[in-house]
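> pasting the sequence and the predicted model now:
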Amino acid sequence: MDHPTLPLGLYQYEHTAALFDGTVTINGVDATFTTAPIVSDIFQGMVRGDFDVAELGLTYFLRTFVLEDPPFLALPIFPNRNFRHSAIFVNTASGIEKPQDLAGKTIGEFALYGHDAGVWPKGILADDYGVTPDQCRWVIGGTNHPIPSFDWIPQPMPADVDIRHAANDETLGAMLEAGEIDALISVDVPQALLDGSPEVARLFPDYQTVEREYYRRTGIFPVMHVVAIRTELARQPDLALAIYHAFTEAKEIPARRYRDRAAKRHMAVMTPWFSELFAENQRLLGEDWWPYGVEANRTAVDTFLRYHHEQGLSTHQLTSEDIFVPDLLRT
């Protein structure tokens, strides 16, 4: 008997490779996987109806809840996560030496007001340093290349925050290096920093130490993206569970490879001292350092949901019970 066809949009990560090459299949469906060189193109494809299941940035997913009939629910699968103290950059002549100095400054933000790698730093700045978005001026745009406004997704703008979009020919990275903005929050690293420009630095130069301390204190490994499913398909619990199990199995393949190859000091990896880094990360993050499921991620997800509401991006504060497929809430 033929299985139903299920089009999925997904970036190619090492923990999704087994889905693309067919090593892992989704039980009961004929899945077709589509990727893109820019992950936001996958997001846009899901919004315009190209996929039944797809990776969505967490804020892109949450913005659809302002619609009268929200089209998606989330599966507790988190293909992209990253610590984000390292996503805050400053102009070295701006007088910003500590987080509190951001108050009163002009800050660039990549792509849209409240992108995934922006919601986290803004929330952390508010919680830990008392700097809230309304204390700053904001310029939205591309970091290393100009990008237009993402008009294909709802863009709520809090009334008490000064926000404008950069001109069509401007990049936030160049504006930061020139001192036209004082700071930048961006998923992309400014090219000026990569090129060694003395005009651009990270707000937290020793960001790895700061981020590790943040994890020890909070237990949060920030989630960036979820896998979303159309609401009509989410009513099929066997389908949702099959997708969840397949993604979990695919993730375990590279995780097991990292664990098994520690005895040979990961000799297939080009990065020097990688085994020491892997061992240090395991000591801090645990055996399953990239967990799926609701319970293992509840603190991180609920913190993001709080930040999203506090930053004026959600009309009310959502909960994990609001956004995840009900049959997967016990995962």
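Arrived safely, thanks for sending.
> how about the most centrally placed residue in the chain, what does it touch?
The residue lying closest to the centre of the chain (CA atoms, centre = their mean) is residue 224, at 2.0 Å. Shown in contact with residue 224 (CB atoms under 8 Å, 6 or more residues apart in numbering): 57-58, 78, 80-82, 116-117. From N, CA and C alone the C-beta is placed, and that goes for glycine too.
> how close does it get to residue 293?
Residue 224 sits at a distance of 17 Å from residue 293 (criterion: CB to CB, to the nearest Å).
> residue 193 reaches residue 201, doesn't it?
Yes: if you go by CB atoms under 8 Å, residue 193 and residue 201 touch, sitting 7.2 Å apart.
> which residues do these two both contact?
residue 89.
> got the domain ranges for the protein?
The record's domain split for the chain, according to automatic domain parsing, is 5-81+223-328, 85-218.
> would you reformat these as JSON lines and include mean pLDDT?
Shown next, in JSON lines, are these (pLDDT from 0 to 100):
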{"stretch": "domain 5-81+223-328", "mean pLDDT": "96"}
{"stretch": "domain 85-218", "mean pLDDT": "96"}
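> name the helices or strands packed onto the helix or strand hosting residue 41?
Element membership for residue 41, per DSSP states H and E: helix 39-48. With contacts taken as 3 or more CB pairs under 8 Å, 6 or more residues apart in numbering; DSSP states H and E, helix 39-48 sits against strand 5-9, strand 53-57.
> most packed of these?
For the helices and strands packed on helix 39-48, the largest average neighbour count (mean count of other CB atoms under 10 Å) is found in strand 53-57, namely a mean of 27.
> quick one: the helices in the stretch 101-250 of the chain, in order.
Counting by DSSP state H, counting those that start in this stretch, the segments of the stretch 101-250 of the chain that form helices are 116-129, 172-178, 191-194, 207-218, 231-234, 237-260.
> tabulate the ones you listed (a markdown table), appending distance to residue 273 and mean neighbour count.
Compiled in a markdown table, the helices of the stretch 101-250 of the chain are given as follows (distance: least, CB to CB, whole Å; neighbours: other CB atoms under 10 Å):
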| stretch | distance to residue 273 | mean neighbour count |
| --- | --- | --- |
| helix 116-129 | 27 | 22 |
| helix 172-178 | 30 | 23 |
| helix 191-194 | 21 | 16 |
| helix 207-218 | 13 | 14 |
| helix 231-234 | 44 | 15 |
| helix 237-260 | 15 | 17 |
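> adding distance to residue 288, write these out as TSV.
TSV is the format used below for those (distance: least, CB to CB, whole Å):
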stretch	distance to residue 288
helix 116-129	21
helix 172-178	36
helix 191-194	32
helix 207-218	14
helix 231-234	25
helix 237-260	7
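> where's the closest residue to residue 240 other than its chain neighbours relative to residue 49, distance?
Excluding its sequence neighbours, the residue lying closest to residue 240 (CB to CB, 6 or more residues apart in numbering) is residue 325, at 4.7 Å. Taking CB to CB as the measure, residue 325 falls 19 Å from residue 49.
> settle it for me: which of those two has more neighbours?
residue 325 (26 against 9; other CB atoms under 10 Å).
> quick one: residues contacting the more buried one.
Contacts of residue 325 by CB under 8 Å, 6+ apart are 73-75, 229, 234, 237, 240.
> between those, which is closest to residue 252?
Here the nearest of the contacts of residue 325 to residue 252, counting by CB to CB, is residue 75; it sits at 16.4 Å.
> neighbours around that closest one, how many?
23.
> repeat that for residue 292.
For residue 292, using other CB under 10 Å, the count is 22.
> over to residue 34?
For residue 34, using other CB under 10 Å, the count is 15.
> look up how far residue 320 lies from the spatially closest residue to it that is not a sequence neighbour.
Excluding the flanking residues, the one nearest residue 34 by CB to CB, 6+ apart is residue 9, at 5.2 Å. According to CB to CB, residue 9 stands 23 Å off from residue 320.
> stretch 305-321: end-to-end distance?
11 Å (CA to CA, to the nearest Å).
> which residues does residue 90 contact?
Residue 90 touches 96, 176, 182-184, 200-203, counting by CB under 8 Å, 6+ apart.
> dig out what it forms beta bridges with.
Bridge pairing for residue 90 (DSSP bridges) gives the partners residue 183, residue 201.
> returning to what we had before: dump the helices and strands packed on helix 39-48 to JSON lines, plus distance to residue 283.
Output for the helices and strands packed on helix 39-48, formatted as JSON lines (distance: least, CB to CB, whole Å):
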{"stretch": "strand 5-9", "distance to residue 283": "35"}
{"stretch": "strand 53-57", "distance to residue 283": "30"}
